[in-house]
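Chemist: sequence and predicted structure, then a few things I'm wondering about:
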Amino acid sequence: MSMKEKGPRIDIYARITDRIVADMEKGVRPWMQPWRASNAVGRVTRPIRHNGLPYSGMNVLLLWSEALARGFINPMWMTFKQALELGGAVRKGETGSMVVFASRFTKTETDAAGEEFDREIPFLKAYTVFNVAQIDGLPDQYYGPKTEPVRDPVARIEYADRFFASTGAVIRHGGSQAYYAPSLDIIQMPQFETFRDAASYVAVLSHEAVHWTADSRRVGRDLSRYAKDRSERAREELIAELGSCFLCADLGIAPELEPRADHASYLASWLKVLVDDKRAIFSAAAHAQRAVAFLHGLQPAISEDRSAA
């Protein structure tokens, strides 16, 4: 692969990472921005493709960020061609938003003994999508309801309770801290009543459940250096942070609007990781996606439609 070929591919990682770093340097966690009340019209969800399937991984962060920055409240996105196929047309002058597609190509190389072997090399392709708010002429169902649905203020979210119960994770309550203990393989949570509201409880439990997936019997992320290496700890906490946001969106729950104190302490560490490694946010999003997909996979068949991504 020539340097000419390599440059644009690395630039996608750098461009996206630089944008996220710029937000974080202002003290903002960009993956939490879409949950502000001004942007939470309708059902809380991941960004959705034209066919109704949710986006996954890094594209969730990219489109959430775009939605907030540009004031889009409809979660559906599609390409220029897809809009035409549905009878719509992107309005003149509208600019699209970038999403990425991970792929691989095979390169034949020669080892020290002169033997040829094939090596798979991952890379990103970028393409452009438009929010339905930028498109005219689509069938009415793509524009969603004209009025905001009435939300039932349930004290404890029953579906979320069933979701976490179905994972089989051992969840204990008591004390003032939330954490996952790998040596005991348990999730420790403060009592439900100590949280500001049910959504805050679910957001924190989602975070710890993503940590729980790290065990080798599950998705298998190495936590052996978590307590010793600040960089490794920051990476794992970023995975759990993103996974919590993905899972809360899948459960239709708006997570906490105020950052936890321990998350604030990670902000500098996350910035260092992202500045030092332009692919770190992509890796974290991919790990978070795998963790959340695993949790969905533990659910009864009736919930399979929620795990599509």
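Modeler: Yes, it's here.
Chemist: neighbours around residue 22, how many?
Modeler: 11 (other Cβ atoms under 10 Å). C-betas here are computed from N, CA, C, even on glycine.
Chemist: ignore what I typed, I meant residue 62.
Modeler: If we define neighbours as other Cβ under 10 Å, then residue 62 has 23 of them.
Chemist: go on, residue 221?
Modeler: So residue 221, with other Cβ under 10 Å, has 18 neighbours.
Chemist: hmm, residue 240 and it touching each other?
Modeler: No: counting by Cβ atoms under 8 Å, residue 221 stays clear of residue 240, with 10.1 Å between them.
Chemist: overlap in contacts, those two.
Modeler: When Cβ atoms under 8 Å, 6 or more residues apart in numbering defines a contact, no residue borders residue 221 and residue 240 alike.
Chemist: in contact with residue 217, which residues?
Modeler: Residues counted as contacts of residue 217 (Cβ under 8 Å, 6+ apart): none.
Chemist: and what of the one 3 residues further on?
Modeler: Residue 220 makes contact with residue 214, according to Cβ under 8 Å, 6+ apart.
Chemist: mind doing that once more with 10 Å?
Modeler: 213-214, 290, 294 (Cβ atoms under 10 Å, 6 or more residues apart in numbering).
Chemist: just the buried members of those residues?
Modeler: 213-214, 290, 294 (16 or more other Cβ atoms under 10 Å).
Chemist: out of those residues, which are inside helices?
Modeler: 290, 294 (DSSP state H).
Chemist: quick check, nearest of the buried ones among the contacts of residue 220 to residue 70?
Modeler: residue 290 (29.4 Å; Cβ to Cβ).
Chemist: how about the nearest residue to the closest one once chain neighbours are set aside, secondary structure?
Modeler: Once flanking residues are discounted, residue 290 sits nearest to residue 219: 5.2 Å by Cβ to Cβ, 6 or more residues apart in numbering. Of the three states, residue 219 takes coil according to DSSP: H, G, I helix; E, B strand; the rest coil.
Chemist: ok, longest strand in the protein?
Modeler: strand 116-131 (DSSP state E).
Chemist: so which bits of that one are buried?
Modeler: For strand 116-131, by 16+ other Cβ under 10 Å, it's 123-124, 129-131.
Chemist: that strand: how far from the chain's middle?
Modeler: Relative to the chain's own centre, strand 116-131 is displaced by 19 Å; criterion: Cα atoms, centre = their mean, to the nearest Å.
Chemist: partners of the following helix or strand past it, with directions?
Modeler: Once strand 116-131 ends, the next helix or strand along the chain (criterion: DSSP states H and E) is strand 135-136. Note on strand 135-136: by DSSP bridges, its sheet partners are strand 89-90 (antiparallel).
Chemist: and the contacts of the partner strand?
Modeler: Taking Cβ under 10 Å, 6+ apart as the rule, strand 89-90 contacts 78-80, 83-84, 96, 128, 130-131, 134-138.
Chemist: domain-wise, how is this structure divided?
Modeler: Using automatic domain parsing, the domain ranges for the chain come out as 1-151, 154-309.
Chemist: least reliable of the ones you listed going by mean pLDDT?
Modeler: Here the domains of the chain differ in mean pLDDT, and the lowest is domain 1-151 at a mean of 79.
Chemist: what residues sit buried inside stretch 274-285?
Modeler: Buried residues in stretch 274-285, counting neighbours by 16+ other Cβ under 10 Å, are found at 274, 278-285.
Chemist: kindly indicate which of those residues lies nearest residue 67.
Modeler: residue 285 (16.6 Å).
Chemist: would you confirm that that closest one contacts residue 64?
Modeler: No: Residue 285 is not in contact with residue 64 according to Cβ atoms under 10 Å; the separation is 11.4 Å.
Chemist: rewinding a little: please check the contacts of strand 89-90 and keep the buried ones.
Modeler: Burial by neighbour count, judged by 16+ other Cβ under 10 Å, picks out 78-80, 83, 96, 130-131, 134-135, 138 from the contacts of strand 89-90.
Chemist: report the two of the residues you listed separated the most.
Modeler: 96 and 138 (15.7 Å).
Chemist: chain neighbours aside, what residue packs nearest to residue 128?
Modeler: residue 96 (3.6 Å).
Chemist: the one you found and residue 82 touch, don't they?
Modeler: No: with contact defined as Cβ under 10 Å, residue 96 does not reach residue 82; the gap is 11.8 Å.
Chemist: overlap in contacts, those two.
Modeler: 129-130.
Chemist: re the thing from before, would you turn the buried residues of strand 116-131 into a markdown table with distance to residue 11?
Modeler: Formatted as a markdown table, the buried residues of strand 116-131 follow (distance: Cβ to Cβ, whole Å):
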| residue | distance to residue 11 |
| --- | --- |
| 123 | 11 |
| 124 | 10 |
| 129 | 19 |
| 130 | 22 |
| 131 | 24 |
